[in-house]
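**Student:** Based on what follows, work out the 3D shape:
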Amino acid sequence: MVQHSQKGLSLSGRFSQDNDVTVMIVGKKGNVRSFRISFRFLFWTSMLFALYIFASIFIFREYLDERRTNSAHLTELKRLQHEVKETKRILDSSKHHLALLENSIQDLKTQNKAPAESVSPAETTDSKSAPPEVERKSIEKEEIQPVEKVESIPQEQFVDIKDLAIKNEGEKLTITFKLVNMYRDKRPVDGYVHIIAFDKNSDPPLFLAFPEVTLKDGIPVEFKRGQPFFIKRFKTIRGKYLLDTGTGSVSSIKVLIYNKSGTLVFQKEYDVENAS
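**Tutor:** Here you go, the predicted structure:
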């Protein structure tokens, strides 16, 4: 009985030793070192490493998804901000045009009321009580007498040029002036400015534009390519031209100002020698 139990114990110990993993390390001098690793320990260690790999892959994929979502949200936010700015700009422009229309309507009403207010009630009573001959003579005198002009700014011209200075340095021509708001209430005005330099004596005439735009007979083809302005009181405008031997000399300049709708509201020529 005792021997049988000892044989069983030796078999079980051998079975457990056979399941172990033996690791052998050979040194440089031929020394061999070996040690055993439990199969269970190796199995569970491998399982934990595999779980770590799967968890890392899952977390990395979640990170990429979140980053992609945040990038899409940022792009959408930038687009919405751009749309808000564009809508605000259009709204401000609409308010400005509405103010211009209201002012034009008010000016028309004022001009229509001015002739009616020029005739006083006393003159109306005298004309009713006067004889036909006197009434006819008074009518003839009124026809001959010129009507007084009402001093007002033209409906289209809302800007003017002040302090024009032209500096001619041979190869360089500089033009400076103040663009002045002519409205008395100083409501803001905007539009585009073109400065055309030319020589009246050249044949064919040579035109130089600032800013550089395509010209046809000295007139800009696209008015929106001019220098934009938005003023409440005044703004300094400066134009520069580089002259060479092929360009020739400049005898005159012409200033053209357009409103936002493309209507020419100001046009005037200046001699370079007189303005310098």
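
**Student:** Let me see the ranges of the strands in the protein.
**Tutor:** 21-26, 32-37, 159-168, 172-181, 189-198, 207-210, 215-216, 219-220, 227-231, 234-242, 252-258, 264-271 (DSSP state E).

**Student:** Pairing partners for the second one, with directions?
**Tutor:** I take that to be strand 32-37. Strand pairing for strand 32-37, determined by DSSP bridges: strand 21-26 (antiparallel).

**Student:** Give the rounded mean pLDDT of the partner strand.
**Tutor:** The predicted model assigns strand 21-26 a mean pLDDT of 77.

**Student:** Show me what it is in contact with.
**Tutor:** Val32, Arg33, Ser34, Phe35, Arg36, Ile37, Ser38, Phe39, Leu42 (Cβ atoms under 8 Å, 6 or more residues apart in numbering). (Each C-beta comes from the backbone N, C-alpha and C, glycine too.)

**Student:** and if you look at stretch 177-186?
**Tutor:** 103, 153, 157-165, 188-189, 193, 229, 231-237, 255, 257.

**Student:** low-scoring stretches of the stretch 151-276 of the chain, by residue?
**Tutor:** Residue ranges of the stretch 151-276 of the chain with pLDDT under 70: 151-156, 244-248, 274-276.

**Student:** give me that answer again for 80
**Tutor:** 151-157, 169-171, 186, 200-205, 243-249, 273-276 (pLDDT under 80).

**Student:** Same question for the stretch 1-150 of the chain.
**Tutor:** 1-32, 34-37, 93, 96-97, 99-100, 102-104, 106-150.

**Student:** try 90 this time
**Tutor:** 1-43, 71-73, 75-76, 79, 82-83, 85-150 (pLDDT under 90).

**Student:** Test my guess that Asp199 contacts Ile253.
**Tutor:** No. The pair Asp199 and Ile253 fails to qualify as a contact (Cβ atoms under 8 Å) at a distance of 10.6 Å.

**Student:** Could you check which of those two is surrounded by more residues?
**Tutor:** Ile253 (24 against 17; other Cβ atoms under 10 Å).

**Student:** Would you quantify the distance from the more buried one to Leu264?
**Tutor:** Taken as Cβ to Cβ, to the nearest Å, the spacing of Ile253 relative to Leu264 amounts to 16 Å.

**Student:** Equivalent analysis for Asp20, please.
**Tutor:** Asp20 sits 101 Å away from Leu264, going by Cβ to Cβ.

**Student:** can you check Asp199 too?
**Tutor:** Using Cβ to Cβ, Asp199 is found at 23 Å from Leu264.

**Student:** ok, now Ile257?
**Tutor:** Counting by Cβ to Cβ, the gap from Ile257 to Leu264 is 7 Å.

**Student:** more crowded one of these two?
**Tutor:** The neighbour comparison of Ile257 against Leu264 (other Cβ under 10 Å) goes to Ile257, with 25 against 16.

**Student:** what about stretch 191-210, how long is it end to end?
**Tutor:** By Cα to Cα, to the nearest Å, the extent of stretch 191-210 from end to end equals 15 Å.

**Student:** For that stretch, which outside residues touch it?
**Tutor:** 159, 173, 175, 179, 211, 213, 215, 218, 220, 223-229, 237, 239-241, 247-260, 265.

**Student:** Which parts of the stretch 1-150 of the chain are helices?
**Tutor:** 2-19, 39-117, 121-129, 132-144 (DSSP state H, counting those that start in this stretch).

**Student:** roughly how far is the longest one from the heart of the chain?
**Tutor:** It refers to helix 39-117. Its chain's C-alpha centre and that of helix 39-117 lie 18 Å apart, by Cα atoms, centre = their mean, to the nearest Å.

**Student:** the inter-axis angle of it versus strand 32-37?
**Tutor:** Relative orientation of helix 39-117 versus strand 32-37 (axes from the mean of the first three to the mean of the last three Cα atoms, to 10 degrees): 70 degrees.

**Student:** How many neighbouring residues does the spatially closest residue to Arg233 that is not a sequence neighbour have?
**Tutor:** Spatially, and ignoring its direct neighbours in sequence, Arg233 is nearest to Asn181 (5.7 Å; Cβ to Cβ, 6 or more residues apart in numbering). Neighbourhood size, Asn181 [other Cβ under 10 Å]: 19.
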